[in-house]
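Novice: I'd like to go over a predicted model; first the sequence, then the structure.
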Amino acid sequence: MHMSIAICLATLIASSVASADGYTFRDGRFPEGKSSVFRLTSEQKGLIALYRKCRDNRKSPFIFRLTDAQSAALGKEAGIAPERFAIFESFRGDEGADIEFNIINRFSETEFEVPHKPLLEEDEVRDWEINVIGWAPSPLANADPAQMKTGECPK
């Protein structure tokens, strides 16, 4: 009996530690705090589709950019409007985000949310992605609309 309690406690502790990095979505949405919700442009949809096809885990996932209007709204609502974001898609089955900051969650075909709590300035993101993780820049960050239409992975 005592052994089964110990196993249950160990499992509970391990699962809470595992979820300490990143966030688990709740009902397909960011689980806590305020988020800004935006409609995707056709160019943003194309970039997300290209990212899904061409993703390279050795390269930075911080490739998504807001439009000028989206950035201005986020700055007004959150007090900060970072330049780049990592992409997650709960409506396509992502159960959460394994990156702790500057994320978007596409929760429907046409909309995404930007949670305010984990927003960081660009210099902090660059330092973390280069010096802590060692990610190289992603060529997807400079994909042009023609590549998005053809689905050709940038090199």
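Specialist: Done, it's in.
Novice: for residue 113, what are its contacts?
Specialist: Counting by Cβ atoms under 8 Å, 6 or more residues apart in numbering, residue 113 makes contact with 29-30, 35-38, 104-105, 107. Heads up, the C-betas are built off the backbone N, CA and C, glycines and all.
Novice: Now the buried members of the residues you listed.
Specialist: Among these, those classed as buried by neighbour count (16 or more other Cβ atoms under 10 Å) are 30, 35-36, 38, 104-105, 107.
Novice: Name the nearest of those relative to residue 147.
Specialist: residue 104 (20.2 Å; Cβ to Cβ).
Novice: which helices and strands does the helix or strand harbouring that closest one pack with?
Specialist: Using DSSP states H and E, residue 104 falls within strand 103-106. Applying 3 or more Cβ pairs under 8 Å, 6 or more residues apart in numbering; DSSP states H and E, we find strand 103-106 packed against strand 86-88, strand 111-115.
Novice: Adjacent strands (with direction) for that strand?
Specialist: When pairs are called by DSSP bridges, strand 103-106 turns out to pair with strand 86-88 (parallel), strand 111-115 (antiparallel).
Novice: If you count contacts, what does the helix or strand following the shortest one end up packed against?
Specialist: Along the chain past strand 86-88, the next helix or strand (assigned with DSSP H and E) turns out to be strand 96-97. Helices and strands in packing contact with strand 96-97 are listed as strand 23-24, strand 86-88; criterion 3+ Cβ pairs under 8 Å, 6+ apart.
Novice: Go through the ones you listed and pick out the most buried.
Specialist: Here the criterion is mean neighbour count by mean count of other Cβ atoms under 10 Å, and of these the winner is strand 86-88, at a mean of 23.
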